[in-house]
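> coordinates only, sequence not included:
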Ligand code: PPS
């Protein structure tokens, strides 16, 4: 691995701290990740690549660990070879001067590579489609996404300050969020599913019955692992296990980037925490927004499991 050590943040990178999103073709992007976008547009996918695409805070890390263990035939020891962000690099991530571009890290990995991305369809590198890569999309109900993103924005120094919760709900509804509006993201991949072999998963289904959902992922990856191995994968990727695992809980990232004393990366891992955040009027406004977003599609989300 080209870099495995604690990622530390030096003075020279402080120019990226708490900077506003920078628009890439209209999509708000993390400022540090925004330079030299050619590296994304020209990214060379390989046929064996497996893409984990999500709107932020929808279960990406969970799915990444599941896929990695499945590819290693359920061998937990092998899955402990490195931290999640090295095993499944985030394509668009980059902190110039501190963290090498995800695209570069991916170039150095052997196939089959597993690629994490939050990019919406409009910014997806075209080689993902050309090479017909396997794509696993994970979607989560937008109320819990908003709550999780809010706490993440508070602890992640590379994101702008989220401000008050009330203002944040408005920003979410307006689509003024990192990686763009939630609605367009989930709908565009849902629409692509008609013509592409995308595995479209829901965070709430994974919570409800992890074994059933991991089986779906295994099938998609053409892996047939025995029942006891599947059970082991469920245990290894449970919220508690991933929260306690230094390879998955992001404690390898310096607190000068992710301040887990503000909010842990593995925060609650439940469905319905939105009930502890939304006021009645925020909830009414949000329900109206949600209905508008999903109308005309056969997509639907569960707000409690
Ligand atoms: S990121 O930063 O966008 O890649 O975040 P992402 O991994 O997509 O989402 C983080 C949320 O997923 C929860 N999580 C889990 N929930 C259940 N089980 C497992 N194993 C698990 N792993 C991560 C994590 O706690 C974040 O949700 P919240 O609601 O903030 O707890």
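Yes, it's here. Worth saying up front: this structure is predicted, and the values here are computed from it rather than measured.

> how about the residues of the stretch 201-305 of the chain by the ligand?
Contact residues (C-beta under 6 Å from any ligand atom) of the stretch 201-305 of the chain with the ligand: 237, 238, 239, 242, 266, 267, 268, 269, 273. Yep, even glycine has a C-beta here, placed from its N, CA and C like the rest.

> distance of the third one relative to residue 219?
Residue 239 sits 23 Å away from residue 219, taking C-beta to C-beta, to the nearest Å as the criterion.

> look at these two and report which has more neighbours.
Neighbour count, other C-beta atoms under 10 Å: between residue 239 and residue 219, residue 239 has more, with 15 against 11.

> test my guess that the more buried one contacts residue 266.
Yes. At 6.7 Å, residue 239 counts as touching residue 266 under the criterion of C-beta atoms under 8 Å.

> strands of the stretch 151-300 of the chain, residue ranges please.
198-202 (DSSP state E, counting those that start in this stretch).

> all helices of it, in order?
165-174, 182-192, 203-208, 210-220, 227-236, 239-244, 280-294 (DSSP state H, counting those that start in this stretch).

> how about the stretch 1-150 of the chain?
Under DSSP H, counting those that start in this stretch, the stretch 1-150 of the chain gives helices at 38-41, 60-71, 76-79, 84-87, 102-107, 126-130, 142-155.

> against which helices or strands is the first one packed?
In terms of contacts (3 or more C-beta pairs under 8 Å, 6 or more residues apart in numbering; DSSP states H and E), helix 38-41 is packed against helix 102-107.

> say whether the ligand is contacted by the helix it packs on.
No. Judged by C-beta under 6 Å from any ligand atom, helix 102-107 makes no contact with the ligand; its nearest approach is 12.2 Å.

> could you give me the buried positions within that helix?
102, 103, 105, 106 (16 or more other C-beta atoms under 10 Å).

> before we move on, what about stretch 24-39?
For stretch 24-39, a neighbour-count test (16+ other C-beta under 10 Å) marks 24, 27, 28, 29, 30, 31, 32, 33, 34, 39 as buried.

> now the fourth one: how far from residue 160?
This points to residue 29. Distance from residue 29 to residue 160, by C-beta to C-beta: 12 Å.

> now do the shared contacts for the two.
residue 21 (C-beta atoms under 8 Å, 6 or more residues apart in numbering).

> burial measure for the closest residue in space to residue 220 that isn't next to it in sequence, as a count.
The shortest distance from residue 220 to any non-neighbouring residue, by C-beta to C-beta, 6 or more residues apart in numbering, is to residue 199 (4.4 Å). Other residues near residue 199 come to 18 when the count uses other C-beta under 10 Å.

> and what of residue 111?
The burial count for residue 111: 9, using other C-beta under 10 Å.
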